[in-house]
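S.K.: sequence and predicted structure, then a few things I'm wondering about:
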Amino acid sequence: MKYFLLMFFLAATALPVARAYSDEGRRDSGKHLSVQELENNAVTLNGAINQDPANVELYIKLGFTYAKLEKADEAQTAFENAVRLDPKKAIAHYMLGLIYEKKDLKDKAIAAWKACLETATEQWMGEKALKHLHHLRSR
């Protein structure tokens, strides 16, 4: 049950954040992709990553795709790769904070939220990071 709730939360959170983050999301905000389309996107993105393994944006798009598919472990790996390549990528830290928090990885979640707060350029993201940090520290 706990894993199901984690997947539900990630899927529900990833879509609005992905739309706020990506140009594709703004253009296609009313478009909902089927599971098959998302799976196809994941295959395409993995192929693109094989061709350009230093492309941070590909890892971020892959992370969001996996989050929408409710594949938390794969999303986590994609966002961790993005952070490894570009430690200043606030959106990757943001998504890792959500994933770690829902997996009860408190220390990793705190580190991700701190990194998000330090690197965020959008006000909403910094506010969310502060809120999550406060919540984690009060537990």
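M.R.: Now that the structure is in, tell me what you want to look at.
S.K.: what pLDDT, on average, does stretch 81-94 get?
M.R.: What stretch 81-94 shows for mean pLDDT is 98.
S.K.: end-to-end on it?
M.R.: End-to-end distance of stretch 81-94: 14 Å, with Cα to Cα, to the nearest Å as the criterion.
S.K.: just give me the neighbour total for residue 82.
M.R.: Using other Cβ atoms under 10 Å, the number of residues around residue 82 comes to 25. C-betas here are computed from N, CA, C, even on glycine.
S.K.: please, which helix or strand holds it?
M.R.: helix 72-85 (DSSP states H and E).
S.K.: give me every residue that touches residue 81.
M.R.: Neighbouring residues of residue 81 by Cβ atoms under 8 Å, 6 or more residues apart in numbering: residue 59.
S.K.: pull the helix or strand with minimum mean pLDDT from the protein.
M.R.: Using mean pLDDT, DSSP states H and E, the weakest-scoring helix or strand in the chain turns out to be helix 23-27, at a mean of 37.
S.K.: residues of the helix or strand that it is followed by that come out buried?
M.R.: Per DSSP H and E, helix 23-27 leads on to helix 35-51 as the next helix or strand towards the C-terminus. Across helix 35-51, burial judged by 16 or more other Cβ atoms under 10 Å covers 38, 41, 42, 45, 49.
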